[in-house]
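In: Pasting a predicted model and its sequence here:
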Amino acid sequence: MSKTLFDKVWDSHVVRKIEDGPDVFFIDRHFIHEVTSPVAFLGLKSRGVNVLYPQRTFATADHNTPTINQHLPVQDPLSANQLQALEDNANEYGISHWGLGHQKNGIVHVVGPENGITLPGATIVCGDSHTSTHGAFGAIAFGIGTSEVEMVLSTQCIMQPKPKKMRINVNGQLSKGVGPKDVALYIIAQLTTSGGTGYFVEYAGDVFENMTMEGRMTVCNLSIEMGARGGMIAPDQTTFDFLEGRLYAPKGEAWTKAVEYWKTLKTDADAVFDAELNIKAEDIEPMITYGTNPGMGIGITKHIPNAKQVEGGEETYKKSLAYMGFHEDDVMIGKPIDYVFLGSCTNGRIEDFRAFAEIVKGRKKADNVTAWLVPGSHVVEAQIKEEGILDILTEAGFVLRQPGCSACLAMNDDKVPAGKYAVSTSNRNFEGRQGPGSRTLLASPIMAAAAAVTGKLTDPRELF
Ligand SMILES: CC(C)[C@H](C(=O)O)[C@@H](O)C(=O)O
Ligand code: SF4
């Protein structure tokens, strides 16, 4: 029978089928961080159960970490406790731990791929919704809850009903200034934040085939924001080139054999999906969100839609605009902004910093803008320095911070004040996401750069 990429990976990991119930599903690799793992370990302890395969679990600290002075003790007691608990649990159970200050430390969804822990055909989970990022490598990767984290630690399996399958095809040529983030925000705007509910998505078409691994990760990362369980892209030469030689990637003969297998991980020509969406690359503009969910996005040259044009309740829509301090039919270009955040597991990789630097090169940060530029990992930070990007940023008046989730969800000190506008390369614009009362406008790194140097929303295409 013909199979999709998703079927191939899923079916090869089912340990047991339960009639009319979920599958018992084997997990190859498990990431943990300080927010969702402490309670899972407490559960293990209270049941007197051990970690079955500690070498399949990887711990990194990211959410509660400060992004300056990481060599000093963490001031916030809650954060300090969470970080300590992660370290203690990792040590107690023999799990590798990349804590604050460790040269491999960074956001879980950045360091996994960077170190070749994320591999094609693998099943990957983490107590974190943006685990979908790892699907960029042709892995089945999704977020799980704390009780499932405990289940994976103790059995290396979870119980999962098999989701439905959706394919999103984007074909054609993206225009200059339109990148992976715009593609993803465009798709979410089309589908809405619930359009992917119950599905696992495969992204296909020449736009994804021509995309770098960083770009594919940005797209898969945002799958969760359309309600999908996860998203994936068939592995190809771009994937293999990215992975070869990385710390945990197979070596020598094992590598050759692995690549041979990975090449079979493609959707068969006549395989059937439960839903399919076709998008023309030429229709996508640089995107910006104007509301309080990631589906409320439009091309930068467009006006904010009228309540009558949008699905869902008019009242909720108006409430969302009121929170943002915007009005129906407003033009986005020219709106003044206060903060710019470049970073997160969506856009905190080297390519994102290159894109940002391309725009700010030879320009200056606008005086009214506070900018937080936060690499996704120490590896990204080092590369920023090596490639001379730091010099460009410094010259333009920007400061580079240290790695972590930072203002993406403001669990540390990087909080956008109430009422202020932040152009953010992260993935969620919910009320208060970047600090109580903060107003988030989601965008690509180049859109963020254009705002950072002009102090207002600007069409980045004008700055090339
Ligand atoms: C803290 C964590 C559980 C959360 C998630 O699951 O996504 C966070 O990473 C987020 O982005 O909101
Ligand atoms: S960077 Fe943001 S979205 Fe990603 S894991 Fe951290 S808090 Fe979640």
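Out: Thanks, I have it. Ligands and ions are numbered 1, 2, ... in the order given.

In: so what's residue 287 up against?
Out: Taking CB atoms under 8 Å, 6 or more residues apart in numbering, we find residue 287 in contact with 181-182, 185-186, 189, 297-300, 442-444, 447. For every residue, glycine as well, the C-beta is placed using N, CA and C.

In: of the residues you listed, closest to ligand 2?
Out: residue 442 (11.6 Å; CB to the nearest ligand atom).

In: ok, and the closest non-adjacent residue to the closest residue to ligand 2 within the stretch 151-300 of the chain?
Out: Relative to ligand 2, the nearest point of the stretch 151-300 of the chain is residue 221 (7.5 Å; CB to the nearest ligand atom). Of all residues not flanking residue 221 in the chain, residue 133 sits nearest, at 4.1 Å (CB to CB, 6 or more residues apart in numbering).

In: That neighbour in helix, strand or coil?
Out: With DSSP: H, G, I helix; E, B strand; the rest coil as the basis, residue 133 sits in helix.

In: Who are the contact partners of it?
Out: Applying CB under 8 Å, 6+ apart, we find residue 133 in contact with 109, 113, 141, 217, 220, 221, 345.

In: Output those of those also counted as contacts of ligand 1.
Out: Under the cut-off given by CB under 6 Å from any ligand atom, ligand 1 has nothing from the contacts of residue 133 close to it.

In: what about stretch 384-395, distance to the chain center?
Out: Distance of stretch 384-395 from the chain centroid (CA atoms, centre = their mean, to the nearest Å) equals 24 Å.

In: Quick check: buried residues in it?
Out: For stretch 384-395, the buried set under the neighbour-count rule, 16 or more other CB atoms under 10 Å, comprises 384, 389, 390, 392, 393.

In: Next: stretch 180-192.
Out: Neighbour-count burial for stretch 180-192, counted by 16+ other CB under 10 Å, picks out 180, 181, 182, 183, 184, 185, 186, 187, 188, 189, 191, 192.

In: The third one: which element?
Out: Residue 182 belongs to helix 180-191 when elements are defined using DSSP states H and E.

In: Quick check: mean pLDDT of that helix?
Out: In this model, helix 180-191 has a mean pLDDT of 98.

In: Tally up the residues packed near the closest residue to residue 232 other than its chain neighbours, please.
Out: Leaving aside its sequence neighbours, residue 232 sits nearest to residue 135 (CB to CB, 6+ apart; 3.6 Å). For residue 135, the neighbour count with other CB atoms under 10 Å is 32.

In: Check the offset of the helix or strand harbouring residue 261 from the chain's centre.
Out: Following DSSP H and E, the helix or strand that holds residue 261 is helix 252-262. Mean-position distance between helix 252-262 and its chain equals 28 Å (CA atoms, centre = their mean).

In: roughly how far apart are residue 436 and residue 323?
Out: 12 Å (CB to CB, to the nearest Å).

In: Looking at those two, which one has more neighbours?
Out: Ranked by neighbour count (other CB under 10 Å), residue 436 and residue 323 place residue 323 first, with 15 against 12.

In: SS state for that one?
Out: Of the three states, residue 323 takes helix under three-state DSSP.

In: Assess the claim that it and residue 290 are in contact.
Out: No - between residue 323 and residue 290 there is no contact under CB atoms under 8 Å: 11.0 Å.

In: How confident is the prediction for residue 442, by pLDDT?
Out: Note for residue 442: predicted pLDDT of 98.

In: what do you get for residue 311?
Out: On the pLDDT scale, residue 311 gets 72.

In: Contact partners for it?
Out: Residue 311 touches residue 192, counting by CB under 8 Å, 6+ apart.

In: quick one: it is in a strand?
Out: No - with three-state DSSP as the criterion, residue 311 is assigned coil and is not in a strand.

In: now it: how far from residue 402?
Out: Computed as CB to CB, the residue 311 to residue 402 distance reads 41 Å.

In: And for residue 308?
Out: 47 Å.

In: So for these two, which residue has more residues nearby?
Out: Per other CB under 10 Å, whichever of residue 308 and residue 402 has more neighbours is residue 402, with 20 against 8.

In: Spell out which parts of the chain neighbour ligand 2.
Out: When proximity is defined as CB under 6 Å from any ligand atom, the chain approaches ligand 2 at 62-63, 107, 109, 128, 130, 344-345, 405, 408-409, 426-427.

In: If we use 5 Å, what do you get?
Out: For the chain, the residues in contact with ligand 2 (CB under 5 Å from any ligand atom) are 130, 344, 345, 405, 408, 409.

In: quick check, the helix ranked longest in the chain touching ligand 1?
Out: For the chain, the helix that runs over the most residues, judged by DSSP state H, is helix 77-93. No - against ligand 1, helix 77-93 shows no contacts by CB under 5 Å from any ligand atom, the least distance being 10.3 Å.

In: can you pull the contacts of the residue in the stretch 1-150 of the chain positioned nearest to ligand 2?
Out: Closest to ligand 2 within the stretch 1-150 of the chain is residue 130: 4.5 Å, counting by CB to the nearest ligand atom. The contact partners of residue 130, by CB under 8 Å, 6+ apart, come to 109, 143, 221, 224, 345, 346, 427.

In: any idea how far it is from residue 153?
Out: Residue 130 is 20 Å from residue 153, by CB to CB.

In: residues contacting the closest residue to residue 228 other than its chain neighbours?
Out: Among residues not flanking residue 228 along the chain, residue 196 sits closest, at 3.2 Å (CB to CB, 6+ apart). For residue 196, the contact set (CB under 8 Å, 6+ apart) comprises 166, 223, 226, 227, 228, 229.

In: so the residue of the stretch 251-400 of the chain found nearest ligand 1 is in which element?
Out: The nearest approach of the stretch 251-400 of the chain to ligand 1 comes at residue 345, 7.8 Å away (CB to the nearest ligand atom). Here residue 345 sits within helix 344-347, counting by DSSP H and E.

In: From the contact counts, what lies against whichever helix or strand comes after that helix?
Out: Next along the chain after helix 344-347, taking DSSP H and E as the criterion, comes helix 350-360. Counting contacts by 3 or more CB pairs under 8 Å, 6 or more residues apart in numbering; DSSP states H and E, helix 350-360 packs against helix 213-221, strand 339-342, helix 378-386, helix 389-395, helix 445-454.

In: if we go to 6 Å?
Out: If you count contacts as 3 or more CB pairs under 6 Å, 6 or more residues apart in numbering; DSSP states H and E, helix 350-360 packs onto helix 378-386, helix 389-395, helix 445-454.

In: now those helices in a markdown table, with mean pLDDT?
Out: Listed next are the helices and strands packed on helix 350-360 as a markdown table, based on pLDDT from 0 to 100:
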| stretch | mean pLDDT |
| --- | --- |
| helix 378-386 | 98 |
| helix 389-395 | 98 |
| helix 445-454 | 98 |
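
In: For the closest residue in space to residue 403 that isn't next to it in sequence, give the beta-bridge partners.
Out: Counting by CB to CB, 6+ apart, the nearest residue to residue 403 once its immediate chain neighbours are dropped is residue 106, at 4.5 Å. For residue 106, the beta-bridge partners are residue 377 (DSSP bridges).
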